[in-house]
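[1] Compute the structure for the input listed below.
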Amino acid sequence: MSLRQVFTISIGDKHLLYAPLHKLTALVNNSALTLLRDHLRFETPLAPTLRPMAEWLRTVVSPPMPRSGRVCSPIFLGLIPTRGCNMACPYCDFAAPKRGSARMDLETARRAVDAYFQLLDPTSPAEIHFFGGEPFFAEDVVHFVVEYASMRAAERGVAVRFEATSNGLYSQRQAHWVGQHFDTIVLSLDGPPDIQDRYRPGANGRPVSDVVMRTASILSQGSVELVIRVCVTSETVMRLAEIASWISHEFLPSTVCFETLSLSHNAQPISLVPPDPWDFARNFDLAARVLADNGIQAITSTANLRAPRLSFCPVGQDALIVSPDGAVDACYLLQKDWERRGLDMRVGWLNAHGFDLLPESIQRVRNLTVEQRRLCADCLCRYSCAGGCHVNHDTSGEPGQYDSLCIQTRLITVARLLRRIGQHELADLWLSDRQMSEAALWQPGDRFVPEEAMSL
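    Next comes the predicted model:
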């Protein structure tokens, strides 16, 4: 049995039972919870109605494991054409110069693509992601990579996917090209013009929302999958349902990703702060329902219930991200940021012959899993949130010492699990009754059987 990976949390006078590895979510009362726990631990008698659940939980399941061995199937090749950008977002936490950042030369780009194809199994599809800064600020690099990688994939007879995270500030011509050549664009768009122009002005400080909205409209008309990313602050959190409605009527995204502001040295002097976690959870839920009515998915990255995961992001999954100078890292964030957290995400270098990867560095990064994150040890979100960003979320505290990101994640995760099993009224109550949810959210551990009781 794998009872260590079964969790429960109180919802009023009931209990949400959640076993992510068993793919089980159920709502039970106090009596049923006690009977089920005693039966599984001590073989005590059990009511017939609970036996199917008990048998399901008896199934032996193994948690996901870190990768091992040589790198032979990176989940994607990441390229950073430049750290430069043509916008001046006041909350941006990238310290690289907007105009003077190094650009990747085309020879480095070519060698990165060749090295990536050397690692791939000959029949495996290829996937290339572009990060920044703003990747299309170095559009010649992006155009070259798309054409060259498409040629290399055609030679192999395999497909190649292209994805980019972008601010959308470019010409109509470029927007149409992106819509025709990319599979997915994650577009940063924080809301209607009054919000977008406050948070995401051009590098000259002028409003550019009309250009970004034009790009979003062009991408909505193309074959590319459009994912809109909304940064949420204490100023905009109460408008999430309005923002969701506006996006639904203006554009055709597959997904809208709502992410709370990460505090940075740029945001603090102008009083930009993250929203209250209860406000975010309630308004995210409202926005998600507005979007669902229009056939659009709403997500927030730490409440991902699609499949159990060990890592919040591509870190540890053999993504190889190449900087303009040829450094190969597991994370696209700035080196100074991960070093500040005591992390080393460098896994090798790109040279004339391909990737020079360091096996010990690869394995070190692979082992950055939720299993090593002490704060997450007893949390029911451990295999969905996986502790959040390795760089920006400190999880070194004791289990139960949750911060605001943990609280909003726990609130949203529980609400989504309740809605998954049709308990919509209870989900509404969970999000609206702060006194009730606080009592459950701050419990020291969510394990169905506490760790200290496992050996008894």
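[2] pLDDT weak spots in this structure?
    For the chain, the stretches with pLDDT under 70 are 1, 95-99, 264-270, 451-456.
[3] hey, where'd the helices end up in it?
    Along the chain, the segments classed as helices by DSSP state H run 30-42, 51-58, 106-119, 139-156, 172-181, 193-199, 209-221, 240-250, 277-292, 335-340, 359-366, 404-420, 424-432, 434-441.
[4] Of all those helices, which one comes closest to residue 130?
    With distances scored as CB to CB, the stretch of the helices of the chain nearest to residue 130 is helix 139-156 (6.0 Å). To be clear about C-beta, it is placed using only N, CA and C from the backbone, and glycine gets the same treatment.
[5] Kindly calculate the angle that the closest one makes with helix 106-119.
    30 degrees (axes from the mean of the first three to the mean of the last three CA atoms, to 10 degrees).
[6] Show me what helix 139-156 packs onto, helices and strands only.
    Judged by 3 or more CB pairs under 8 Å, 6 or more residues apart in numbering; DSSP states H and E, helix 139-156 is in contact with helix 106-119, strand 126-130, strand 160-166, helix 172-181.
[7] Pick the most deeply packed of those.
    When the helices and strands packed on helix 139-156 are scored by mean count of other CB atoms under 10 Å, the highest mean neighbour count falls to strand 126-130 (a mean of 23).
[8] In PDB, list the C-alpha atoms belonging to that strand.
    Coordinates of each C-alpha in strand 126-130 appear next as PDB, following Å, rounded to 0.1, in the frame of the first residue of the first chain:
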ATOM      1  CA  ALA A 126      11.500  17.800 -32.300                       C
ATOM      2  CA  GLU A 127      10.400  20.700 -30.100                       C
ATOM      3  CA  ILE A 128      12.000  24.100 -29.900                       C
ATOM      4  CA  HIS A 129      11.000  26.900 -27.400                       C
ATOM      5  CA  PHE A 130      12.100  30.500 -27.500                       C
END
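[9] now that strand, how far from the chain's geometric center?
    In this view, strand 126-130 has its centroid 17 Å away from the chain centroid, taken as CA atoms, centre = their mean, to the nearest Å.
[10] by contact count, what packs against that strand?
    Using 3+ CB pairs under 8 Å, 6+ apart: strand 126-130 touches strand 77-79, helix 106-119, helix 139-156, strand 160-166.
[11] Just send these back as CSV, with distance to residue 30 too.
    Shown next, in CSV, are these (distance: least, CB to CB, whole Å):
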stretch, distance to residue 30
strand 77-79, 49
helix 106-119, 54
helix 139-156, 58
strand 160-166, 47
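[12] Could you point out which of those sits nearest residue 36?
    Among the helices and strands packed on strand 126-130, the nearest to residue 36 by CB to CB is strand 160-166 (43.5 Å).
[13] What strands flank the closest one, and is each parallel or antiparallel?
    Here strand 160-166 has these sheet partners by DSSP bridges: strand 126-130 (parallel), strand 184-188 (parallel).
[14] May I have the last one exported as PDB, CA atoms only?
    Taking Å, rounded to 0.1, in the frame of the first residue of the first chain, the C-alpha atoms of strand 184-188 are listed here in PDB:
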ATOM      1  CA  THR A 184       2.100  27.800 -29.600                       C
ATOM      2  CA  ILE A 185       2.600  31.300 -28.500                       C
ATOM      3  CA  VAL A 186       2.300  32.300 -24.800                       C
ATOM      4  CA  LEU A 187       1.400  36.000 -25.100                       C
ATOM      5  CA  SER A 188       1.700  38.300 -22.100                       C
END
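[15] Show residues contacting it.
    Here strand 184-188 makes contact (CB atoms under 8 Å, 6 or more residues apart in numbering) with 161-168, 178, 200, 212, 215-216, 219, 224-229, 231, 257.
[16] do the same with the first one
    Applying CB under 8 Å, 6+ apart, the contact partners of strand 126-130 are 75-81, 113, 116-117, 120, 142, 145, 149, 152-153, 158-166, 319.
[17] Quick test: name the residue nearest the centre of this protein.
    Note on the chain: the residue nearest the mean C-alpha position is residue 301, at 3.5 Å, using CA atoms, centre = their mean.
[18] Who are the contact partners of that residue?
    257, 259, 312-313, 388.
[19] would CSV of those residues with distance to residue 34 and neighbour count be doable?
    Output for the contacts of residue 301, formatted as CSV (distance: CB to CB, whole Å; neighbours: other CB atoms under 10 Å):
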residue, distance to residue 34, neighbour count
257, 40, 18
259, 39, 16
312, 34, 22
313, 39, 18
388, 33, 23
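[20] Pick the one among those residues closest to residue 410.
    Using CB to CB, these come closest to residue 410 at residue 388, 12.0 Å.
[21] doesn't residue 405 make contact with that closest one?
    Yes - contact criterion CB atoms under 8 Å: residue 388 and residue 405 qualify, at 5.8 Å.
[22] Between the two, which contacts overlap?
    Joint contacts of residue 388 and residue 405 (CB under 8 Å, 6+ apart) are residue 302.
[23] Could you double-check that residue 115 lies in contact with residue 350?
    Yes - counting by CB under 8 Å, residue 115 touches residue 350, with 6.1 Å between them.
[24] and the gap between residue 443 and residue 375?
    Per CB to CB, to the nearest Å, residue 443 is found 14 Å from residue 375.
[25] Show me which of the two is the more surrounded one.
    residue 375 (22 against 12; other CB atoms under 10 Å).
[26] Setting the sequence-adjacent residues aside, check what's closest to that one.
    The shortest distance from residue 375 to any residue other than its chain neighbours is 4.0 Å, reached at residue 395 (CB to CB, 6 or more residues apart in numbering).
[27] Show me the one of the helices of the chain that comes nearest residue 307.
    Closest to residue 307 of those, according to CB to CB: helix 404-420, at 14.0 Å.
[28] got the angle for that closest one vs helix 277-292?
    For helix 404-420 against helix 277-292, the angle by the same axes, to 10 degrees is 40 degrees.
[29] Tell me which residues touch residue 21, please.
    Here residue 21 is in contact with 2, 5, 61-63, 308, 383 (CB under 8 Å, 6+ apart).
[30] Pick out whichever of those residues sits closest to residue 107.
    The closest of the contacts of residue 21, once distances to residue 107 are taken by CB to CB, is residue 308, at 40.9 Å.
[31] Give me the distance between the closest one and residue 67.
    15 Å.
[32] likewise residue 120?
    For residue 120, the distance to residue 67 equals 15 Å [CB to CB].
[33] got it, and residue 32?
    Applying CB to CB, the value for residue 32 to residue 67 is 39 Å.
[34] cool, and residue 345?
    Distance, residue 345 to residue 67, using CB to CB: 15 Å.
[35] These two: who's more crowded?
    Neighbour count, other CB under 10 Å: between residue 345 and residue 67, residue 345 has more, with 24 against 19.
[36] In the sheet, which residues pair with the closest residue to residue 423 other than its chain neighbours? Tell me.
    Computed as CB to CB, 6+ apart, the closest residue to residue 423 that is not its neighbour in sequence is residue 27, at 5.9 Å. Judged by DSSP bridges, the bridge partners of residue 27 are residue 16.
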